[in-house]
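okay, here's the prediction I keep looking at, along with the sequence it came from:
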Protein chains: 2
Amino acid sequence: MRVLGVDPGLTRCGVGVVEGVAGRPLTMLGVGVVRTPADAELGDRLVAVERGIEEWLDTHRPEIVAVERVFSQHNVSTVMGTAQASAVAMLCAARRGIPVALHTPSEVKAAVTGSGRADKAQVGAMVTRLLRLAEPPKPADAADALALAICHIWRAPAQNRLQQAVAQHASKGRTR
Amino acid sequence: MRVLGVDPGLTRCGVGVVEGVAGRPLTMLGVGVVRTPADAELGDRLVAVERGIEEWLDTHRPEIVAVERVFSQHNVSTVMGTAQASAVAMLCAARRGIPVALHTPSEVKAAVTGSGRADKAQVGAMVTRLLRLAEPPKPADAADALALAICHIWRAPAQNRLQQAVAQHASKGRTR
């Protein structure tokens, strides 16, 4: 499974591609940040985010795009930009027919560190170890994007089993 | 000046096109709602909003797109969808090089009713009168989109004068 993780943001949108399956060593295929100038018009910044995401989709052809689920309870001053950047990332994926998965920040932290309240440094350290990198990816947004992709690969089997169980239960219900 | 007003939303995204200049009777060129099914995937809903906005841009070729400015203080359960739909509308406009203007709900209400705290019925009544319609546009999202376009046409001269004054002041400063 090849996953593009997106840590959405207008100023810095983290992107990272991880390939692998749960229970096997994972491989990082790319990591980076899509940046847009804070003094540009909002519409133009969204166009720049779109262009950046499209390039990552073109280059890496992921099967899934995992995006951080944005909550409105977060920091009020940045949450709107985060929601808007995440909308552009989801739009780019859905337009190509690529499934989008959302994971909360605490799900991501719990997946890679074992604790939903881990700090940035801990997430960066675990991403470095799990992907066997020489040093933590910088900035933190890039490391968070990789953590999202890892989280998706590890959570997907459980999610799929759940969906299969629900589907089997539903089909049994129909044949009864 | 031809303005496409957009009252962003995922379930109902109001759209309305108004043509005219401040101080002259205004003309409505079109009004409607882009709807997306609440049970569809979020990415697919954003694609549907994009498709709808693109159709309105193709049909009416507005010079400006006026979008409601979304605040995170609003209703927590709907604000994320509103922010995401507004991002798609701004993206569609900016991609075509069409300027995007943002107006707050109270600016819009104050522009068309004289009060920033007017209710939906009052806004609908004034939109009906100002555009000489037979009855208030429905649903309210459609009327709000027209109110946004009217607000932009009426506020634009003042905004332009302000920008010109700032530009003149800046150029005087340079030549001194």
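Alright, I've got the coordinates. Residues are numbered from 1 along each chain as shown, chains lettered A, B, ... in the order given.

show me where pLDDT drops low in chain A?
Within chain A, the segments meeting pLDDT under 70 span A:72-77, A:157-164, A:166-168, A:170-176.

chain B contacts on that one?
Residues of chain A lying near chain B by CB under 8 Å from any CB of the partner chain: A:41-44, A:46-47, A:50, A:70-73, A:76, A:79-80, A:83-88, A:90-91, A:93-95, A:99-100, A:102. (Glycine included, C-beta is placed from N, CA and C.)

one more time with 7 Å
Counting by CB under 7 Å from any CB of the partner chain, chain A comes close to chain B at A:41-44, A:46-47, A:50, A:70, A:72, A:76, A:79-80, A:83-84, A:87-88, A:90-91, A:93-95, A:100.

among those residues, which lie within helices?
A:42-44, A:46-47, A:50, A:76, A:79-80, A:83-84, A:87-88, A:90-91, A:93-95 (DSSP state H).

show me which of those are buried.
Among those, those scoring as buried are A:42-44, A:46-47, A:50, A:79-80, A:83-84, A:87-88, A:90-91, A:93-95 (criterion: 16 or more other CB atoms under 10 Å in any protein chain shown).

list the buried residues in stretch A:44-58.
Buried residues in stretch A:44-58 (16+ other CB under 10 Å): A:Asp44, A:Arg45, A:Leu46, A:Val47, A:Ala48, A:Val49, A:Glu50, A:Gly52, A:Ile53, A:Trp56, A:Leu57.

contacting residues around that stretch?
A:4, A:10, A:13, A:15, A:34, A:36, A:84-85, A:88-89, A:92, A:96, B:87, B:90-91, B:94-95 (CB atoms under 7 Å, 6 or more residues apart in numbering or on different chains).

same check, this time on stretch A:133-150
Outside stretch A:133-150, the residues touching it (CB under 7 Å, 6+ apart) are A:3-7, A:9, A:12, A:14-18, A:26, A:28, A:31-33, A:66, A:68, A:103, A:108, A:111-112, A:120, A:123-125, A:127-128, A:130-131.

okay, buried residues for it please.
For stretch A:133-150, by 16+ other CB under 10 Å, it's A:136-137, A:140-150.

all strands for chain A, in order.
In chain A, the strands defined using DSSP state E lie at A:2-7, A:12-19, A:27-35, A:64-68, A:100-103.

quick one: strands adjacent to the shortest one?
Sheet partners assigned to strand A:100-103 using DSSP bridges are listed as strand A:64-68 (parallel).
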